[in-house]
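Peer 1: Okay, predicted coordinates and the sequence, questions at the end:
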Amino acid sequence: MSEPVLTVSGLRAWYRTSAYGVSREVRAVDDISLSIAAGEIYGLAGESSSGKTTLIKTIANAIQPPLEVLAGSVVFRFGDRPVDIHRISREALGKIRWKHLSYIMQGSMNVLNPVRRVRHTFFDFAFRHIGRPKPEFLQVVRDHLQRLHLAPDVLDAFPHQLSGGMRQRVTIALATVCRPEFIIADEPTTALDVVVQKGVLAMIHEIQRELGSSIIFVTHDMAVHANLTDRLGIMYAGRLVEEGRTADIFRAPRHPYTAHLIASLPRLGDTAPKKGLDGAPPNLADPPPGCRFHPRCPRASDICRREAPPMAELSPGHRAACFHPEPERPA
Ligand SMILES: Nc1ncnc2c1ncn2[C@@H]1O[C@H](COP(=O)(O)OP(=O)(O)OP(=O)(O)O)[C@@H](O)[C@H]1O
């Protein structure tokens with residue numbers, strides 16, 4: 001792997017609340033380390049409430065109380081200079097956002113201002129970064145929209161006049177107009193129907209090829225990961241439990257939770273009934289000791305109930321946090 005653009009080390013981010021004298025800590029991101037190379041599309045998967053959104057909010061430094069970073073670091077390398085995103089000034093962060101690092105949040109309306117025409121949002125976010133006079137700036141925006149197969153007249157629309165798919169495409173255009181090196185996308189296609197979703201995914205792929213950006217792409221939809229991502233990280237209950245090339249994870253998952261996720265995917269011609277996992281995901285305010293998956297794991301033993309398994313490289317580029325991983329399958 002070339003020099004990483006993003007290095008996350010030992011990251012711990014919890015929601016810490018206190019009500020009526022009772023304090024509560026939701027351990028949504030617990031000791032996560034990963035790195036992402038230039039030009040790589042890294043998928044983040046896992047069931048609802050596993051901590052995917054919290055992890056990428058923390059990576060983007062979009063942190064608001066009650067979320068707190070307790071440990072670890074998030075270092076980006078734009079050009080030659082490493083930047084620890086949690087240890088820079090607000091001003092420095094403002095210079096990085098949109099120009100080097102953009103964040104496509106869940107729901108396009110979070111970014112598009114409902115009472116202003118789309119062109120104003122482009123001015124608000126991108127004008128100062130592109131640094132050209134207004135007419136030239138608008139031309140840059142129009143050219144970018146055109147490259148993404150969007151008619152430039154979307155600039156004159158209010159967000160509510162656009163369809164959901166169109167709004168999402170505009171959001172992606174907004175997030176990429178400054179040609180950022182790193183794009184973080186949280187469920188950008190989840191609310192869309194399958195046909196529109198396909199168009200939006202093709203658009204993301206096209207942008208990635210053109211800009212050569214790195215992308216973290218979050219979705220619980222494994223089919224989307226299979227089609228889009230180069231590598232995949234699987235989260236369970238606030239921890240990264242497996243990571244590897246997407247093709248390897250689909251072919252031969254090593255963590256029992258991932259094995260279950262993959263086995264439960266529908267396959268053409270497969271009529272065998274799918275068996276769900278017993279039990280429910282743990283309460284992250286009071287997670288079980290040891291491996292957080294052990295109460296539901298068919299392979300669990302005593303050590304799993306006592307100790308948290310460390311992430312270990314089981315084959316080149318393939319890591320899992322499990323004392324009893326699934327057997328290796330030759331390619
Ligand atoms: N503001 C908050 N205060 C307290 N707990 C929170 C807050 N936001 C999220 N959580 C908790 O943090 C945990 C992780 O949530 P998160 O949204 O990161 O998961 P997710 O994997 O992104 O889920 P989804 O796929 O449903 O978006 C969950 O237990 C959730 O209830």
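Peer 2: All right, it came through fine.

Peer 1: check contacts around whichever residue of the stretch 101-250 of the chain sits closest to the ligand.
Peer 2: Per C-beta to the nearest ligand atom, the residue of the stretch 101-250 of the chain with the smallest distance to the ligand is His220, at 5.4 Å. C-beta: built from backbone N, CA, C; applies to glycine. When contacts are counted by C-beta atoms under 8 Å, 6 or more residues apart in numbering, His220 touches Ala45, Gly46, Glu47, Ser48, Lys52, Glu187, Thr190.

Peer 1: before we move on, which element is it in?
Peer 2: Using DSSP states H and E, His220 is not contained in any helix or strand.

Peer 1: coming back round to it: could you turn the buried ones of the contacts of His220 into a ChimeraX selection?
Peer 2: The buried residues among the contacts of His220 can be selected in ChimeraX (16 or more other C-beta atoms under 10 Å) with this line:
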select :45,46,52,187
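
Peer 1: The contacts of His220 also near the ligand: which ones?
Peer 2: Gly46, Ser48, Lys52 (C-beta under 6 Å from any ligand atom).

Peer 1: Name the member of these with the shortest distance to Arg142.
Peer 2: Nearest to Arg142 among the ones next to the ligand among the contacts of His220: Lys52, at 34.4 Å, using C-beta to C-beta.

Peer 1: In this model Ile216 seems to touch that closest one, though I could be wrong.
Peer 2: No: judged on C-beta atoms under 8 Å, Lys52 makes no contact with Ile216 at a distance of 9.6 Å.

Peer 1: Need the overlap of contacts for these two.
Peer 2: Leu44.

Peer 1: any low-confidence regions in the stretch 101-250 of the chain?
Peer 2: 107-109 (pLDDT under 70).

Peer 1: Near the ligand, which residues of it? Just list them.
Peer 2: Residues of the stretch 101-250 of the chain lying near the ligand (C-beta under 6 Å from any ligand atom): His220.

Peer 1: Do a quick rundown of the helices in the stretch 101-250 of the chain.
Peer 2: Applying DSSP state H, counting those that start in this stretch to the stretch 101-250 of the chain gives helices spanning 118-130, 134-147, 164-176, 194-211, 222-228, 246-251.

Peer 1: Highest mean neighbour count out of the ones you listed?
Peer 2: Counting by mean count of other C-beta atoms under 10 Å, helix 164-176 has the highest mean neighbour count of the helices of the stretch 101-250 of the chain, with a mean of 22.

Peer 1: report the angle between the axes of that one and helix 194-211?
Peer 2: Relative orientation of helix 164-176 and helix 194-211, computed by axes from the mean of the first three to the mean of the last three C-alpha atoms, to 10 degrees: 10 degrees.

Peer 1: Give me the helices and strands touching helix 164-176, please.
Peer 2: The contact analysis (3 or more C-beta pairs under 8 Å, 6 or more residues apart in numbering; DSSP states H and E) places helix 164-176 against strand 101-104, helix 118-130, helix 134-147, strand 182-186, helix 194-211.

Peer 1: can I get the ones you listed in JSON lines with distance to Pro266?
Peer 2: Output for the helices and strands packed on helix 164-176, formatted as JSON lines (distance: least, C-beta to C-beta, whole Å):
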{"stretch": "strand 101-104", "distance to Pro266": "28"}
{"stretch": "helix 118-130", "distance to Pro266": "38"}
{"stretch": "helix 134-147", "distance to Pro266": "35"}
{"stretch": "strand 182-186", "distance to Pro266": "25"}
{"stretch": "helix 194-211", "distance to Pro266": "14"}
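
Peer 1: can you pull up the bridge partners for Arg319?
Peer 2: Judged by DSSP bridges, the bridge partners of Arg319 are Glu243, Glu313.

Peer 1: which residues touch it?
Peer 2: Counting by C-beta under 8 Å, 6+ apart, Arg319 touches Glu242, Glu243, Gly244, Met311, Ala312, Glu313.
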